[in-house]
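Peer 1: structure for this input, please:
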Amino acid sequence: MPANVDRLTSGVDSSPATPRNLRNRSLANVLRMGHCAPSVMKTVLDVLEVDAPWLVRLTAGLPGGIGNCGNECGGITAPLVLLGLRHAGDLETAGVPATVYKGHALLQAFQARHGTTSCREILGDARLPLRCIGVVRHAPERYWDVRSRACTDAISGERQEAYARLHAHLVDKGFHCAHAVIQQSRNAGAVTQGLLDATAAFVGGTAFAGMTCSVLTAGVMLIGLELAEIEDSPLRVLRMIGTMAVRGDAFADDLNTFNRVMNLGHELARWFTATFGSTQCRAVTHCDFSTLAGVKQYIESDCVSRCDAIAREVAQQVRGTVVRGKT
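Peer 2: Sure thing, here's the model as predicted:
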């Protein structure tokens with residue numbers, strides 16, 4: 001990673017730009033990049049003057065709700081990567097990692113603002129993604145708000161106790177959803193601490209929330225990291241939007257350089273659904289991590305062994321996709 005990446009992990013908590021400047025920069029980025037998660041990531045990197053294109057590539061397949069599946073919005077997933085980089089090494093509170101508290105604070109703030117965390121529901125049946133542009137404009141300032149406070153009030157009661165028990169179990173078993181895929185997909189020298197930190201919040205279906213399986217999310221991110229090219233053309237984005245307006249194939253590989261990785265991520269998600277029945281952690285594990293009963297069921301049924309097996313299968317699929325993508 002470039003030396004100045006430490007600006008993502010330390011320093012003052014206040015944003016070096018005003019909310020208006022952040023929104024304007026976000027709008028400019030999405031108009032020349034065309035997709036949510038990479039635009040949000042690029043905005044934060046720009047403001048902090050960090051040269052880390054690997055982080056943009058890491059988010060390249062996340063638009064459209066993680067591989068264009070309509071799940072968690074890129075206005076959530078890109079900030080989660082940044083929060084992981086900054087807080088993965090923080091001390092736990094009541095047995096729960098800081099990235100999980102931060103993740104839930106982000107999910108709650110996003111839900112309060114947009115009424116949903118789902119890309120599919122944000123877009124609805126609109127021909128043009130106007131609501132998506134609003135999400136991208138506000139996502140960087142929401143990231144700064146969440147990173148600047150403790151967020152331990154985002155989880156309490158039984159949910160907090162359940163998450164602490166689940167986290168302790170996963171640590172005891174040496175398992176982390178995203179990290180399992182990373183470690184089995186890449187050579188040891190390519191598994192950097194920065195990459196592990198960036199994916200720290202992707203566990204238990206996004207910060208234990210039981211949403212998109214974090215093994216799948218990690219697979220999509222790795223495809224982006226290995227294969228993505230970074231779009232930087234307002235004219236090409238305009239062409240893509242025009243194609244969308246007439247209900248053409250706006251996500252064709254040749255319309256936007258991020259599209260290819262999104263489509264490969266979607267192929268991975270289709271395979272995942274056909275193999276495991278759903279993209280959703282709660283559906284795959286049949287466990288609700290927000291309850292003690294759900295965590296107990298996960299532990300007593302040795303579900304972590306199944307999750308590890310799923311990670312191995314996803315890693316194999318990712319390796320194959322990357323090899324094909326580079327030939």
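Peer 1: skipping adjacent residues, who's closest to Pro79 in space?
Peer 2: Nearest residue to Pro79, sequence neighbours excluded (Cβ to Cβ, 6 or more residues apart in numbering): Tyr143, at 4.0 Å. In this view, the C-beta of every residue, glycine as well, is placed from N, C-alpha and C.
Peer 1: quick check: the one you found touching Leu45?
Peer 2: No - counting by Cβ atoms under 8 Å, Tyr143 stays clear of Leu45, with 11.7 Å between them.
Peer 1: okay, the two: which has more neighbours?
Peer 2: Tyr143 (28 against 21; other Cβ atoms under 10 Å).
Peer 1: for the more buried one, give its distance to Thr59.
Peer 2: With distances taken as Cβ to Cβ, to the nearest Å, Tyr143 is found 13 Å from Thr59.
Peer 1: buried set for stretch 173-193?
Peer 2: Using 16 or more other Cβ atoms under 10 Å as the test for burial, stretch 173-193 gives 175-186.
Peer 1: name the nearest of those residues relative to Val304.
Peer 2: Phe175 (5.3 Å; Cβ to Cβ).
Peer 1: can you pull the contacts of the closest one?
Peer 2: 304, 307-308 (Cβ atoms under 8 Å, 6 or more residues apart in numbering).
Peer 1: pLDDT value on the residue nearest in space to the middle of the chain, please?
Peer 2: With distances taken as Cα atoms, centre = their mean, the residue of the chain nearest its centroid is Thr77 (3.0 Å). Per-residue confidence (pLDDT) for Thr77: 98.
Peer 1: give me the nearest residue to it, chain neighbours excluded.
Peer 2: Closest to Thr77 by Cβ to Cβ, 6+ apart is Leu62, at 4.6 Å.
Peer 1: and if you look at Asn21?
Peer 2: Val47 (8.0 Å).
Peer 1: Ser278 too?
Peer 2: Closest to Ser278 by Cβ to Cβ, 6+ apart is Val284, at 5.7 Å.
Peer 1: surely Pro63 and Cys36 touch.
Peer 2: Yes - counting by Cβ under 8 Å, Cys36 is a contact partner of Pro63 at 5.0 Å.
Peer 1: of these two, give the one with the bigger neighbour count.
Peer 2: Pro63 (33 against 29).
Peer 1: burial count for Thr59?
Peer 2: As a burial measure, Thr59 scores 30 neighbours (other Cβ under 10 Å).
Peer 1: nearest spatial neighbour of it, chain-adjacent residues omitted?
Peer 2: Ala37 (4.0 Å).
Peer 1: need the contact list for that neighbour.
Peer 2: Contacts of Ala37 (Cβ under 8 Å, 6+ apart): 59-60, 62-63, 74-75, 77-78.
Peer 1: mind checking how far it is from Gly67?
Peer 2: Counting by Cβ to Cβ, the gap from Ala37 to Gly67 is 11 Å.
Peer 1: likewise Gln193?
Peer 2: 26 Å.
Peer 1: check which helix or strand Ala309 maps to.
Peer 2: Counting by DSSP states H and E, the element that carries Ala309 is helix 303-326.
Peer 1: so how far is that helix off the chain centroid?
Peer 2: How far helix 303-326 lies from its chain's middle: 17 Å, per Cα atoms, centre = their mean, to the nearest Å.
Peer 1: equivalent analysis for stretch 255-262, please.
Peer 2: 17 Å.
Peer 1: also stretch 301-308?
Peer 2: How far stretch 301-308 lies from its chain's middle: 23 Å, per Cα atoms, centre = their mean.
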